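> Build the 3D model from these lines:
(one chain, ligands or ions: 3)
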Amino acid sequence: MTVNIQRLMGELERLATFSDAPAPAVTRVLYTPTDLAARAYLKSLFAETDLELREDALGNLFARWVGAEPDLPAVGTGSHTDAIPHAGRYDGVVGVLGGLEAIRALQAACFRPRRSIELLMFTSEEPTRFGIGCLGSRALCGAWTAEMLGRLRDSEGKSLDQARTEAGFSGGLETVRLPENYYSAFVELHIEQGPLLEQENLPLGIVTAIAAPASLIVRLSGQGGHAGTVLMPDRRDALLAGAEIALEVDRAARASGAPDTVGTTGIFKVHPGAINSIPSRVELGIDIRDIDGARRDAVVSRVVAAVGEICERRGIGYEIEWMNADPPAQSGEEVVRALEASAQELGLPYRKMVSRAYHDSLFMARLCPTAMLFIPCKNGWSHRPDEYASPEHIEQGVRVLARTLARLAE
Ligand code: GLV
Ligand code: MN
Ligand code: MN
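Residues are numbered from 1 along each chain as shown. Ligands and ions are numbered 1, 2, ... in the order given. Just a heads-up that it's a prediction; the model follows:
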């Protein structure tokens, strides 16, 4: 079986040109003209490969290689192609274009799957537009209902429903949920987004569990005013409360007792944002994760208590909006075994590992046995323009993925 790595690298390069940020940065946000143009490019590639295409009401894109027994639950693979602001070109994309290349390699080798093999491009794994990650997979597995999806608004106040309709995705949101036994297994190829594989000089990681993510938006309201005339004892500065909260997120994560706890304040919006005006309103976006769901929840509770204490002391009003608090996921043993057997056949060393980033596999694991295959990325960098994975590692990942899909579909 041969993987055409030149073709794949050319497609990765081409997909990176669909971006709202200057190269090498990639920004590709849900349902923007750029996202839609990238999807059209992908669909043209899928069509060239003679796959059956289907899009659901959210824009999850399915490309199916129909197996000899089409009524059996299919084997799924895939990932996402949306990119957070100023990201790189490999996150998610390697699993979509790499999944396509794995299918093409199997087809070229005249493999005939018993089960259908289906490539999936998930809508909006990244939380950029609607504040919630894994939007497509949350809906596919029923973790979020149509009603929950219907409440989502972007920062301009546009509803998800309106945004998807304008993007050309119609049909009831309740139709997105997949029926039981749709997939027999799911496997996602992805860059590690951390440094361990590179540090240990290993080409592959097989993911046994995905860490539990939680995120919340904290909105603070104080009192604005003139930076020269409002004296210090009279101030109710929303930014200062926000700064204390951000420091508490950091402190609480460090104090959890485990190196696996991480806390980040990645959004800090200041209103009105003028140098000579006291900040009256602030919005914080806080992300807290752990491989242990209960320990993650304890950190979240500590942060929530601190928000109350800090705001009371500073005379600041607050509102907390929970975006998500998801449990961790365990990989399916049979998929892990299929990945291990495929890596061993190719003589490629690997380690088992936990994914600290979340992925659509976190939700696919609720539908069917699921596992992930990681390849190294330079310095563990991700969510930044200089994210990089070598053609050699991508090729090895695709080879193992192709064998794994063949095993699972036999
Ligand atoms: C996914 O992009 C994550 O934030 O883990
Ligand atoms: Mn990402
Ligand atoms: Mn990703």
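> Model confidence for the nearest residue to Val304 once chain neighbours are set aside, exactly?
Of all residues not flanking Val304 in the chain, Ile320 sits nearest, at 6.5 Å (CB to CB, 6 or more residues apart in numbering). All C-beta atoms are positioned from the backbone trio N, CA, C, and that covers glycine. We have a pLDDT of 98 for Ile320.
> For Ile320, list each beta-bridge partner.
Under DSSP bridges, the beta-bridge partners of Ile320 are Val218.
> residues in contact with Gly172?
Gly172 is in contact with 57, 146, counting by CB atoms under 8 Å, 6 or more residues apart in numbering.
> that older thread, what about the residue nearest to Val304, neighbour count?
14 (other CB atoms under 10 Å).
> which ones are touching it?
216-219, 304, 307.
> Would you check how far apart it and Glu125 are?
The gap separating Ile320 from Glu125 is 24 Å, by CB to CB, to the nearest Å.
> SS state for the residue nearest to the spatial centre of the chain?
Residue closest to the average C-alpha location in the chain (CA atoms, centre = their mean): Glu125, at 3.8 Å. Secondary structure state of Glu125, per DSSP: H, G, I helix; E, B strand; the rest coil, is coil.
> per-residue confidence for it?
Taking Glu125 on its own, its pLDDT is 98.
> Now for the residue in the stretch 301-410 of the chain that ligand 1 sits nearest to, how many residues are close by?
Ranked by CB to the nearest ligand atom, the top residue of the stretch 301-410 of the chain for proximity to ligand 1 is Ala357, at 3.4 Å. Ala357 has 21 neighbouring residues, counting by other CB under 10 Å.
> Bridge partners for whichever residue of the stretch 151-300 of the chain sits closest to ligand 1, pull those for me.
Nearest residue of the stretch 151-300 of the chain to ligand 1: Pro213, at 6.6 Å (CB to the nearest ligand atom). Going by DSSP bridges, Pro213 is paired in beta bridges with Arg289.
> so how far is Asp297 from it?
Following CB to CB, the distance that separates Pro213 from Asp297 is 12 Å.
> next one: Leu178
Distance, Leu178 to Asp297, by CB to CB: 29 Å.
> out of these two, which sits in the more crowded spot?
Between Leu178 and Asp297, counted using other CB under 10 Å, Leu178 has the larger neighbour count: 19 against 16.
> In a strand, Leu100, correct?
No - with three-state DSSP as the criterion, Leu100 is assigned helix and is not in a strand.
> And for it, the neighbour number?
As a burial measure, Leu100 scores 25 neighbours (other CB under 10 Å).
> In a strand, Ala274, correct?
No - if the criterion is three-state DSSP, then Ala274 is coil and not within a strand.
> let's number from 56 now, not from 1
Fine by me, first position is 56 from now on; the one you just mentioned is Ala329.
> What is the burial count for it?
The tally of other residues near Ala329 (other CB under 10 Å) stands at 11.
> what do you get for Arg169?
By other CB under 10 Å, 12 other residues sit near Arg169.
> which residues of the stretch 206-355 of the chain fall in strands?
In the stretch 206-355 of the chain, the strands defined using DSSP state E, counting those that start in this stretch lie at 238-246, 259-265, 267-276, 280-281, 317-326, 332-333, 336-345.
> Output those strands as CSV; include the columns mean neighbour count and mean pLDDT.
What follows is the strands of the stretch 206-355 of the chain, written out as CSV (neighbours: other CB atoms under 10 Å; pLDDT from 0 to 100):
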stretch, mean neighbour count, mean pLDDT
strand 238-246, 27, 98
strand 259-265, 23, 98
strand 267-276, 21, 97
strand 280-281, 12, 98
strand 317-326, 17, 98
strand 332-333, 18, 98
strand 336-345, 22, 98
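> Let me have these in CSV, adding distance to Arg167 as columns.
Converted to CSV, the strands of the stretch 206-355 of the chain look like this (distance: least, CB to CB, whole Å):
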stretch, distance to Arg167
strand 238-246, 17
strand 259-265, 27
strand 267-276, 39
strand 280-281, 73
strand 317-326, 45
strand 332-333, 68
strand 336-345, 42
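> Out of the ones you listed, which is closest to ligand 3?
strand 238-246 (5.8 Å; CB to the ion).
> Restrict that closest one to CA atoms and write it as PDB.
Output in PDB follows, covering the C-alpha atoms of strand 238-246 (Å, rounded to 0.1, in the frame of the first residue of the first chain):
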ATOM      1  CA  TYR A 238     -20.700   3.400  13.300                       C
ATOM      2  CA  SER A 239     -19.000   0.200  14.600                       C
ATOM      3  CA  ALA A 240     -15.800   2.100  15.400                       C
ATOM      4  CA  PHE A 241     -14.300   5.600  15.000                       C
ATOM      5  CA  VAL A 242     -10.600   6.600  14.700                       C
ATOM      6  CA  GLU A 243      -9.200  10.100  14.500                       C
ATOM      7  CA  LEU A 244      -5.700  11.000  13.200                       C
ATOM      8  CA  HIS A 245      -4.400  14.200  14.800                       C
ATOM      9  CA  ILE A 246      -1.200  16.100  15.600                       C
END
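> No further queries at this time; thank you.
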